[in-house]
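>>> Sequence and computational prediction follow.
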Amino acid sequence: MDLTILSGVFASPWNIIRALIDISIVSYVLYRILLLIKGTRAEQLLKGLIILLVFSVVASFLNLDMVNWFVEKLWIVFAITIPIVFQPELRRILEQIGRGKFFSTQSKFIQIEGYQKIVNEITDAVTVLSRNRVGALIVITREAELDEYLDSGFDIDATVSAGLLVNIFVPNTPLHDGAAVINKGRLEKAACFLPLSDNPYLDKELGTRHRAGLGISEVSDAISIIVSEETGAISLAKDGQLNRYLDKQSLKDMLGKDLIIREKWSETFRRRWSSDRKKQEKKHNGS
């Protein structure tokens, strides 16, 4: 960059402040967008685009004419397909801006005891549903937001309890068809419609409930528990993988590993960060 341009930008304190404000706003907006796509399929697509960008820069630096031509054609294709692929995330961003939630920072942290209670209540409910061969689909959100799917359900906003979960999935009741969603430690929604997995290798015997449970795990970092209405078999879907024929203890162990142990690590990190901050403040005040 020309030194005369730099001298013009930083000629006065106001220009420096304006440049810092400009950079801060753009950085924060990008940060909020990354939070929205974190844990979703769009995150993996974004990583692929970054790898392709690095590859194109290297090819250009090495003067690989054929590779550069091929990469340029790929960018043209991506320019058309990216808005289609990222449609759910783009819609979510616009919806959150319209609702004033885009710049809000709500904490999702729950006490470890709360996670332990949730895991116990879910496993108790699933055991009862499995024994009585009552079909069920329970989704537990983690980092990724599922607002576009939550909007399709009915508001519950209740404490997670085994009795309530069992009653929701009683056949021929208004809420039994669809998924019950546990969000931020509460039973937030019921009768939610989820995206179906298009995995061609999925067992043909599995129906819509299993495909929906697997589908939401493919597009987000959510965990879903499925109870088969035909056999009473318990399954857990996570990261696009379906674990079938679980018993109560194995289900509790898997949920504990993904929720309780993960929260213990987060809490340890927060305590250490808080302790370090207090030490720094004490040292600063002492000096």
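Done, it's in.

>>> Please point out which parts of stretch 68-77 sit buried.
For stretch 68-77, the neighbour count (16 or more other C-beta atoms under 10 Å) marks Val71 as buried. Just so you know, the C-beta spots here come from the backbone N, C-alpha and C atoms, and that holds for glycine as well.

>>> export it as PDB, just CAs?
Output of stretch 68-77 as PDB, limited to C-alpha atoms (Å, rounded to 0.1, in the frame of the first residue of the first chain):
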ATOM      1  CA  ASN A  68      -6.200 -21.600 -12.600                       C
ATOM      2  CA  TRP A  69      -8.700 -22.000 -15.400                       C
ATOM      3  CA  PHE A  70     -10.400 -24.900 -13.600                       C
ATOM      4  CA  VAL A  71     -10.600 -23.100 -10.300                       C
ATOM      5  CA  GLU A  72     -12.000 -20.000 -12.000                       C
ATOM      6  CA  LYS A  73     -14.800 -22.100 -13.400                       C
ATOM      7  CA  LEU A  74     -15.500 -23.600 -10.000                       C
ATOM      8  CA  TRP A  75     -15.800 -20.200  -8.500                       C
ATOM      9  CA  ILE A  76     -18.500 -19.300 -11.100                       C
ATOM     10  CA  VAL A  77     -20.400 -22.400 -10.200                       C
END
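
>>> please begin residue numbering at 40 from this point
Sure, I'll start numbering at 40, so the last one becomes stretch 107-116.

>>> Not counting its own residues, what contacts it?
Leu91, Phe94, Ser95, Ala98, Ser99 (C-beta atoms under 8 Å, 6 or more residues apart in numbering).

>>> how far away is the first one from Leu84?
It stands for Leu91. 10 Å (C-beta to C-beta, to the nearest Å).

>>> higher neighbour count, the two?
A direct count of neighbours by other C-beta atoms under 10 Å for Leu91 and Leu84 places Leu84 higher, at 17 against 14.

>>> Export the strand or helix carrying the more buried one to PDB, keeping only CA atoms.
Using DSSP states H and E, Leu84 sits within helix 80-100. The C-alpha trace of helix 80-100 is given here as PDB (Å, rounded to 0.1, in the frame of the first residue of the first chain):
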ATOM      1  CA  ARG A  80     -23.600 -28.300   7.600                       C
ATOM      2  CA  ALA A  81     -22.800 -24.700   6.400                       C
ATOM      3  CA  GLU A  82     -19.700 -24.700   8.600                       C
ATOM      4  CA  GLN A  83     -18.200 -27.700   6.700                       C
ATOM      5  CA  LEU A  84     -19.000 -26.000   3.400                       C
ATOM      6  CA  LEU A  85     -17.300 -22.800   4.600                       C
ATOM      7  CA  LYS A  86     -14.200 -24.800   5.500                       C
ATOM      8  CA  GLY A  87     -14.200 -26.300   2.000                       C
ATOM      9  CA  LEU A  88     -14.400 -22.900   0.400                       C
ATOM     10  CA  ILE A  89     -11.500 -21.700   2.500                       C
ATOM     11  CA  ILE A  90      -9.400 -24.700   1.400                       C
ATOM     12  CA  LEU A  91     -10.400 -24.000  -2.200                       C
ATOM     13  CA  LEU A  92      -9.400 -20.300  -1.800                       C
ATOM     14  CA  VAL A  93      -6.000 -21.300  -0.500                       C
ATOM     15  CA  PHE A  94      -5.600 -23.800  -3.300                       C
ATOM     16  CA  SER A  95      -6.400 -21.100  -5.900                       C
ATOM     17  CA  VAL A  96      -3.900 -18.700  -4.400                       C
ATOM     18  CA  VAL A  97      -1.200 -21.300  -4.500                       C
ATOM     19  CA  ALA A  98      -2.000 -22.200  -8.100                       C
ATOM     20  CA  SER A  99      -1.900 -18.600  -9.100                       C
ATOM     21  CA  PHE A 100       1.400 -18.100  -7.400                       C
END
